[in-house]
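Engineer: What would the 3D arrangement of this be:
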Amino acid sequence: AGLTYMGTRVLALPFIRHRSLPHEVLHTWWGNGVLVGYAQGNWAEGLTTFMADYALAERRDAAKARGMRLGWLRDYAALPANRDHPAADFIAKRHDAAQVIGYNKVAFLFYMLRRDIGAPAFETALREFWQAHKLRDAGWPDLRKSFEDAAGHDLGWFFDQWLDRRGAPSLRLDTLHARRQGKGYRVSLRIAQDQPPYALSIPVRITTDHGNEMFTATLRNTAETFSFFTKGKPSGIAVDPDFAVFRRLDPRETPPIIRDVTLRSDVSTLILADTPPATAMARRLAERLLDTPPRFINPDPRPSPAAPLLIIGLTDQVRLFLKRSGLPAVPERLATRGTARVWAARHNGVPLLVVAANDGEALAALLRPLPHYGRKSYLLFSKDKAQESGVWPAPPGPLHAAVHLGK
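Structural biologist: Model prediction:
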């Protein structure tokens, strides 16, 4: 008890020092110091993710913290509805789908809780929780009591909607009006969400000729109209521009990522390799990548256009198949470089993931590192080293709009 072990192969991975190692150190407090009362769910992984992984990003700069929150939301957007479950049901990470809820969503829960009650009360609650429960089992009800004591008010509504309820709100910007009023401007907007509604505090950024002006829309019903007064002439508006609310992103806000395919249970997997060793290695890689057992198909007839598709194979064969099938070609930035190329795309709105390697040895080199990059859109490998990776750019989405003055 109290000891966390990390193997030398894991320590060599590039993200370990600045994320996973601090995460494991903090488990000395959350999980090994205060023990998890698993009968009431596992709070420790999400709290540790928030206080280690996210805290380090936040300490570096606001852009890093925003990027991590957006990454969590992209992961959740890739999670099929039939694999979603309440955060209170999370016990342990058995697959990536569980991590999306038990680590990411719960970490986001603590981020929103800190916003709601304030950082001083949040930190007081954690100190009291530690003092009251160190070396003892604790569950979600114990955490809730500590936060309520520190905040001085009931938080049942917060824990009910984020912990016990499956899913997330989807926000819509329904109407938008602006007019001159006195020495400033009056901007009115209507924000909507689905039934049953969540209670949300949503940041709203209005861009004006005097700079950005920030407001908060407190949404409690399925739709409400908000009115804000700006000193400068408004030109644009953004609802939740920095991803401060856990929500289901609109598809127009989310670029294709690897997890769009690997989290799905209805994926068709196509192997394109003309040698037995390369074929065997491609099949092993599919088993490593997918959260559920792969369903292998033949290239003829063509795969169903409605099912997510994973293609793993040798570079020339993959290129020919993509061209023959009318699927998106190898991205230009990856086409002639490295020993293997990996990229996510969408074809008529359906997720597509392609792994194209120069030979069987290059495929084998991906077995260990590639499953750790589910949040990426593309990777370029030289043997087992990711030389380049990134996320495809995405447009601002429907929660951003131009503001035009009316009478």
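Engineer: buried residues in stretch 222-242?
Structural biologist: For stretch 222-242, a neighbour-count test (16 or more other CB atoms under 10 Å) marks 226, 228, 230, 234, 237-241 as buried. C-beta here means a position set from N, CA and C on the backbone, and glycine is covered the same way.
Engineer: and that stretch, how far apart are its ends?
Structural biologist: 22 Å (CA to CA, to the nearest Å).
Engineer: What mean pLDDT does it get?
Structural biologist: Mean pLDDT, computed over stretch 222-242, is 97.
Engineer: How about stretch 62-73?
Structural biologist: Here the average pLDDT along stretch 62-73 is 96.
Engineer: buried sites along that stretch?
Structural biologist: 65-66, 68-73.
Engineer: hey, where'd the helices end up in the stretch 301-407 of the chain?
Structural biologist: Ranges of helices within the stretch 301-407 of the chain are 315-325, 360-364, based on DSSP state H, counting those that start in this stretch.
Engineer: which one of these is the most hemmed in?
Structural biologist: Comparing the helices of the stretch 301-407 of the chain by mean neighbour count (mean count of other CB atoms under 10 Å), helix 360-364 ranks first with a mean of 20.
Engineer: Quick one: mean pLDDT over that one.
Structural biologist: When pLDDT is averaged over helix 360-364, the result is 96.
Engineer: Any regions of this structure where pLDDT drops low?
Structural biologist: Residues of the chain meeting the criterion pLDDT under 70: 1-2, 301.
Engineer: What is the longest helix of it by residue count?
Structural biologist: helix 62-78 (DSSP state H).
Engineer: so after that helix, what's the next helix or strand?
Structural biologist: Using DSSP states H and E, the helix or strand that follows helix 62-78 towards the C-terminus is helix 96-99.
Engineer: So which residues make contact with that following helix?
Structural biologist: 79, 83, 90, 92-93, 259, 262-263, 291, 374 (CB atoms under 8 Å, 6 or more residues apart in numbering).
Engineer: could you redo those residues as JSON lines and give each row distance to V391 and neighbour count?
Structural biologist: Shown next, in JSON lines, are the contacts of helix 96-99 (distance: CB to CB, whole Å; neighbours: other CB atoms under 10 Å):
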{"residue": "L79", "distance to V391": "17", "neighbour count": "23"}
{"residue": "R83", "distance to V391": "22", "neighbour count": "17"}
{"residue": "F90", "distance to V391": "26", "neighbour count": "23"}
{"residue": "A92", "distance to V391": "28", "neighbour count": "11"}
{"residue": "K93", "distance to V391": "23", "neighbour count": "15"}
{"residue": "R259", "distance to V391": "11", "neighbour count": "26"}
{"residue": "T262", "distance to V391": "15", "neighbour count": "26"}
{"residue": "L263", "distance to V391": "16", "neighbour count": "26"}
{"residue": "D291", "distance to V391": "20", "neighbour count": "22"}
{"residue": "G374", "distance to V391": "11", "neighbour count": "23"}
